[in-house]
Each structure stands twice: as C-alpha cells, then as structure tokens.
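> Okay, structure incoming, though there's no sequence with it:
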C-alpha cells in the first residue's frame, strides 16, 4: 500500500472508487468539478501494487466571510469497502494534515461524523464561533487547527467553494 499525492492518471480510479463508496454520483462529480475549476488543493490517494486507488481524501479551499484564511475542507474521504477497518482513512487524514501543514495551511474543516473525526483531533467548529451554511450541522461541522493561532480574532460563516452548492 502506497499513500501519496494524487496525479493525473489517478482520476479515473478515484472516480470509480467514489462511485462505489457513495450511494449516488454526487461525490464523484464534486471532485471532478473541483479538479476542473482548479479548486482541489490536495488529493491524497492510497494505491495497491497495481496502482488501483483504494482510498482517497480531497481537500479544497474554504473562506471565512469571503476572506481566504489558508483553510481547507476535507471532503470527500472514501475507502474501498474491502479496506475498511484497516486504518486507511486515518492514514489518509494524517498524511493530508502533514502535507497541508508543510504547505502553510492553518486549519482543516470537515462536515462528518463527530465520533469518527473526533478520534483524529477534530472538534466542533462552533467552539471557535465558526459555522457553515447548512442548518442543523453544528455537531458535524468540525475543525482541526494546523497552526496555534488559527482562530484568533475570527468568527463567522465558513463558505465552501461553489461546486459544494450542488450537493
């Protein structure tokens, strides 16, 4: 198993993985649109010995009150059904965190299961007076700071890039 940054030839295998892992094609179409719009900050893949993508984590920019703060959102995260329970999602998240930290990003947001993402240090964004546009998402909207002072003096609505509006 190799975990690395995605490259162009991975696109078809990523698309196939996303279509297998989710009930509809929304996540696959989201990643394709993010890629086409130049809004895919980072894509981490886990591949087998033949180069088949078995896990994927996408990171794209978010803004705070229409201002770029060097923050990203993790979405989607997908692991092939055969590989679930082996810690592959954790490895993709941590590799992504390391890469984004090296690139100077200061926070990662996620909209997902608090029990799952809480294991990796994500905490409710509401603790920092940060919210997203989706009503009722307070518990699921979480953040992981990559920099100590990432949230000093800020509050408001986190806006995802336009392709997320189609979900």
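Perfect, I can see it now. As the structure is a computational prediction, the values presented were derived from the model and not from experiment.
> I figured residue 114 hits residue 121, correct?
No: Residue 114 lies out of contact with residue 121 (Cβ atoms under 8 Å); the separation is 12.0 Å. Placement of C-beta: from N, CA and C, glycine included.
> how many neighbours does residue 147 have?
Other residues near residue 147 number 14, with proximity taken as other Cβ atoms under 10 Å.
> quick one, longest helix in this structure?
If you go by DSSP state H, the chain has its longest helix at helix 88-102.
> could you give the angle of the helix or strand just after it to helix 88-102?
Heading C-terminal from helix 88-102, the first helix or strand you meet, by DSSP states H and E, is strand 107-111. Calculated by axes from the mean of the first three to the mean of the last three Cα atoms, to 10 degrees, strand 107-111 forms an angle of 150 degrees with helix 88-102.
> Which strands and helices lie in contact with strand 107-111?
Applying 3 or more Cβ pairs under 8 Å, 6 or more residues apart in numbering; DSSP states H and E, one finds that strand 107-111 contacts strand 67-79, helix 88-102, strand 141-145.
> Adjacent strands (with direction) for it?
strand 67-79 (parallel), strand 141-145 (antiparallel) (DSSP bridges).
> Provide the contact partners of that strand at residue level.
Contacting residues not belonging to strand 107-111 are listed as 59, 62, 69-75, 77, 96-97, 100, 117, 122, 125, 132, 134, 137, 140-147, 150-151, 158 [Cβ atoms under 8 Å, 6 or more residues apart in numbering].
> Give me the contacts around the longest helix of the chain.
1, 3, 5, 41-42, 44, 46, 54-57, 59, 72, 74, 77, 79, 108, 116, 119-120, 144, 146.
> go on, stretch 12-26?
6, 27-28, 31-32, 43, 45, 47, 51-56, 76, 78-81, 166-167.
> Just the mean pLDDT for that stretch, thanks.
What stretch 12-26 shows for mean pLDDT is 96.
> now residue 120: how far from residue 31?
21 Å (Cβ to Cβ, to the nearest Å).
> Separate out the buried members of the contacts of stretch 12-26.
Neighbour-count burial within the contacts of stretch 12-26 applies to 6, 27-28, 31-32, 43, 45, 47, 53-56, 76, 78-80; the criterion is 16 or more other Cβ atoms under 10 Å.
> Among these, which lie within strands?
Counting by DSSP state E, these place 43, 45, 47, 53, 54, 55, 56, 76, 78, 79 in strands.
> I am finished for the moment; much appreciated.
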